[in-house]
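> dropping the sequence and predicted coords here.
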Amino acid sequence: MTSTLVGRWQTRLALLAALGVPLTALFVLFNTSAAGTLILVLFYVALFGLGWDVLYILLQKLRWERDWPPVFQIVGGVAEAVLLFVLLSMAGLPGIHGGSVPFGLFCGMYATIWLVTFAATQGPLRAIFPRWRFSGGRLI
Amino acid sequence: MIARATSGFALHGVGANGEMLDRPLSPGQTIVGRAPECELVLSGGAVSRRHACFTVSEHGAALEDLNGENGVYVNGDRVRSVDLCAGDRIAIGDWLFELRSAGVEAATERRPAALASNATEVVAVARPRLPVPAAPRGVLPDWLLHQPLLDEQQIASAGVELRTAQYAALGGGLGSFAWVSLLRNSGIAASEIAVAGSEAHAGDRFERLCQNSQIPPRERLRSNSDARPDNLWGFPGYAVSELLRDAAHLRLGSAGRILWQIAAEPALAETYTPRRADIFAGVNAEAERIGWPAMLLRGRILAIRKSSAGRLLAVVSQSNEREQRHVVVGARYLHLALGYPGVRLLPDLVAYRERTGDHGRVLNAYEDHEHLYAQLRERGGVVILRGRGIVAARILQRLWEERQHNAAIVVVHLHRSRLVSGQRFGATRRVVEAQFEFQPFNWPKASWGGELRGRLEAAPAEERARLFAAWGGTTVPRRADWRRVVREGLREGWYRPEFGVVRSLEQGPDGRLLTRIQTSLAGGGMLDLAADFVIDCTGMEAGPERSTPIADLIETYQAPLNQLGRLQVNDDFEIEALRHGEARLYASGAMIAGGSFAGVDSFLGMQYTALRSVDALLRLGAPGLRRLDGWYSFRQWLKRARGLPP
């Protein structure tokens, strides 16, 4: 990937909306009691992600190629998950009490959404948006 | 239809006063002219001092006009630089030649018995008819061809066929292929598209360039996995295709390596690059799917003209040994992609070759030079390499292979100056190792589609020149095998760099090549380097004036050049000087380098320029054109995946 900041934001939000929302709905279906929490978790993944993207772009400028190899995406995905879960379990976030999200459920949902959106950026997205790879990840 | 020599070429000709000429053409270049230092001296007032140059390699024969004043004519068409076909009639000044190959009967004269029967030859034909014959029917006469606005009525009355289509791609190589493939996937029928070019297959020309620069079919090109000329979405990439094939054959080690490469390149792994054979197999399959053969009109593009009917016209010559014939292709939306106009040799090497006629020991890496490896393997010797790019790395690898048979091969790598550190840009810097500067591709990756692409497009011309200088330059990908060769050579002493500016190149008293350099290292001084061969690996490209139709565009329509001396295009890659009513001419490839996009001559770059110019056509409301995006794009992608026509 050779995304720009705006491209990263657009791609992240679009993929979370198009794939993350239905996948979250699926998890809600089987965990109706935690529905509100799961929806909020998705919201925080998106919100924190916008901040992470700023960090990624700063790091990307330290690379000659100004690119972001898939292995960096994987490391970033794990780091995002760890930080979010630590915050959720230690202090909680607005709307979510500290320690109220079970580890297994968080891992299952986060990993599913992350894997599907990651896979989409590795090619399938280009079949739908042929200009995406030339526009630094922007969709509009 | 390149003439292939099986046992060399011979040149036969007849002059204005009936004098005959009979002489073999040796591999390499043969300069023809009136000056006594030419390899082939021709008499006659219409012959320039250095008039033309024949180049013979195992891949064919080519002819170039060196002077441009009196012209070189092939089958009656004036040309600047052209691949020769069997049967071509060539006029140089008052002289007339015919090129024939084995199995082709001469139309006018029997082949001289003295020649080997399987030789390709240039044979004299009955005089006088050229240099500028009155145009026969079916051919545009010169006076008509040279008008900037062509009257379509006059084309018809000259008996020349006019083929019209909504879209026309001129060139017929991979650049044309990218544009046509996008049009076909954007709702345009094959019957609405004409392709004009001299090659039978879109990949032929590129394949020949690969062959010449030591890239056999199984070798990998310096290109990325998702830069697929046969798949404008770039998904799945070559890496995934190769990985699946490897996995299916249980080559799990190789499959795993590819998976790691595409995940971690270029930061933690060597960049994945596709095999030449896979690229061309894919292009051929896609050509069938989009109906390329039906769109293709084979011939040499002579000129592009504005027409009285508001179209743009391409004059295409289909002349051969039997007849002269022009076809005019008329369209509203055209695309020009003629590829590299040619390769230039370093000036001091040209001077040496012209002075001595020695073409066998001072070579360009793109010339056929197998004899060099044969001699080195047998007798050993010293080779001087000039230029530090990817071609030098490939040649060095080949020399290393020869060293496994004969350890008496020594390589001196001559650089102008020592590379102390890599190019800097912002907070980053390229890595230098043993005088090679590393970069996976010829530009940083983000100049195809990231931060750097946007930055270049937004920059004014002077700033663009600065960015090109910062991102480009001579680099090689960081390949483990090449690094091993260099390290081994330095350690064992058979490979060494030297630094200096070449002052002279001549034959020493012992007959070897003597390169005298003024060393650029501390302390200075002159240094003589004796060698058996000098190979120019700089790969300098010739300018657009070397191409017949582009030189004509510059001359006829004052098509402007950019700061790099290439054709100037706008950010949609349109040559604005050729706007004519609703008609538009777009371009791609090496001839438009220096504009808003860096990698114009790469696979991915050709797809990007195609997307941009077709987006411009969408804004113009080109009939029948649909925007390839969203659900429609996905459906077209699915059709391709299933092998269905678009």
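Received it, and whenever you're ready, just let me know what you need.
> helices of chain A, start to end?
A:5-15, A:21-30, A:35-60, A:70-90, A:103-121, A:124-128 (DSSP state H).
> quick one: contacts for the residue of the stretch 501-646 of chain B found nearest chain A?
Per CB to the nearest CB, B:Trp637 is where the stretch 501-646 of chain B lies closest to chain A, at 4.0 Å. (Glycine included, C-beta is placed from N, CA and C.) Neighbouring residues of B:Trp637 by CB atoms under 8 Å, 6 or more residues apart in numbering or on different chains: A:127-128, B:233, B:235.
> which residues of the stretch 1-150 of chain B lie near chain A?
Counting by CB under 8 Å from any CB of the partner chain, the stretch 1-150 of chain B comes close to chain A at no residue.
> give the closest residue to the closest residue to chain A within the stretch 1-150 of chain B in space, chain neighbours not counted.
Closest to chain A within the stretch 1-150 of chain B is B:Ser81: 32.9 Å, counting by CB to the nearest CB. Residue nearest to B:Ser81 in three dimensions, not counting chain neighbours: B:Glu64, with 4.3 Å by CB to CB, 6 or more residues apart in numbering or on different chains.
> tell me which residues of the helix or strand encompassing the residue of the stretch 501-646 of chain B closest to chain A come out buried.
Per DSSP states H and E, B:Trp637 falls inside helix B:630-641. Across helix B:630-641, burial judged by 16 or more other CB atoms under 10 Å in any protein chain shown covers B:633-634, B:636-637, B:640.
> which stretches of chain A have low pLDDT?
Chain A contains no residues with pLDDT under 70.
> any idea which residue of it lies closest to chain B?
A:Thr2 (2.8 Å).
> surely that residue and B:Trp443 touch.
No. Using CB atoms under 8 Å, A:Thr2 is not in contact with B:Trp443, being 11.3 Å away.
> now do the shared contacts for these two.
B:Leu452.
> for the residue of chain A positioned farthest from its centre, which non-adjacent residue is spatially closest?
Going by CA atoms, centre = their mean, the residue of chain A most distant from its centre is A:Trp64, 25.4 Å out. In space, and not counting its chain neighbours, A:Trp64 is closest to B:Thr428: 4.3 Å by CB to CB, 6+ apart.
> residues contacting that neighbour?
A:61-64.
> repeat for A:Val71
Residues near A:Val71 by CB under 8 Å, 6+ apart: B:263-264, B:267-268.
> one more: B:Glu64?
Applying CB under 8 Å, 6+ apart to B:Glu64 gives the contacts B:52-53, B:55, B:72, B:80-82, B:342, B:546.
> closest residue of chain B to chain A?
B:Gly450 (2.8 Å).
> and the spatially closest residue to that residue that is not a sequence neighbour, how far from B:Ile304?
Excluding its sequence neighbours, the residue lying closest to B:Gly450 (CB to CB, 6+ apart) is A:Thr2, at 2.8 Å. Distance, A:Thr2 to B:Ile304, using CB to CB, to the nearest Å: 35 Å.
> over to B:Ala593?
The gap separating B:Ala593 from B:Ile304 is 20 Å, by CB to CB.
> show me what the host helix or strand of B:Leu553 is packed against.
Assigned by DSSP H and E, B:Leu553 falls within helix B:548-557. Secondary-structure packing of helix B:548-557 (3 or more CB pairs under 8 Å, 6 or more residues apart in numbering or on different chains; DSSP states H and E): strand B:300-307.
> buried stuff in stretch B:66-81?
B:66, B:70-81.
> closest to B:Ala559 out of those residues?
Relative to B:Ala559, the closest of the buried residues of stretch B:66-81 is B:Arg80; by CB to CB it sits at 15.3 Å.
> residues from chain A in reach of chain B?
Within chain A, the residues that sit near chain B (CB under 8 Å from any CB) are A:1-4, A:60-67, A:69-72, A:74, A:123-124, A:126-131, A:133-136.
> which among those count as buried?
With burial judged by 16+ other CB under 10 Å, the buried subset of the residues of chain A next to chain B is A:1-4, A:60, A:63-67, A:69, A:71-72, A:123, A:126-131, A:133-136.
> show me those residues that map onto strands.
Per DSSP state E, strands hold no members of these.
> helix/strand/coil for B:Ile535?
B:Ile535 falls in the strand class when you classify it by DSSP: H, G, I helix; E, B strand; the rest coil.
> that one: how many residues sit nearby?
Residues within reach of B:Ile535, counting by other CB atoms under 10 Å in any protein chain shown, total 26.
> who's in contact with it?
Shown in contact with B:Ile535 (CB under 8 Å, 6+ apart): B:363-365, B:369, B:372, B:383-386, B:395.
> state the distance from the spatially most central residue of chain B to B:Ser81.
Taking CA atoms, centre = their mean, the centroid of chain B lies closest to B:Tyr340, which sits 3.3 Å from it. B:Tyr340 is 11 Å from B:Ser81, where distance means CB to CB.
> repeat that for A:Gly123.
As judged by CB to CB, A:Gly123 and B:Ser81 stand 41 Å apart.
> ok, B:Trp637 next?
39 Å.
> quick one: low-confidence residue ranges for chain B.
B:1-8, B:58-59, B:68, B:85-87, B:100-134, B:343, B:540.
> select the longest helix from it.
The residue-count maximum for a helix in chain B (DSSP H) belongs to helix B:603-620.
> which strands or helices does whichever helix or strand comes after the helix holding B:Leu553 pack on?
Counting by DSSP H and E, the next helix or strand C-terminal to helix B:548-557 is strand B:584-587. Contacts defined by 3+ CB pairs under 8 Å, 6+ apart place strand B:584-587 against strand B:333-336, helix B:603-620.
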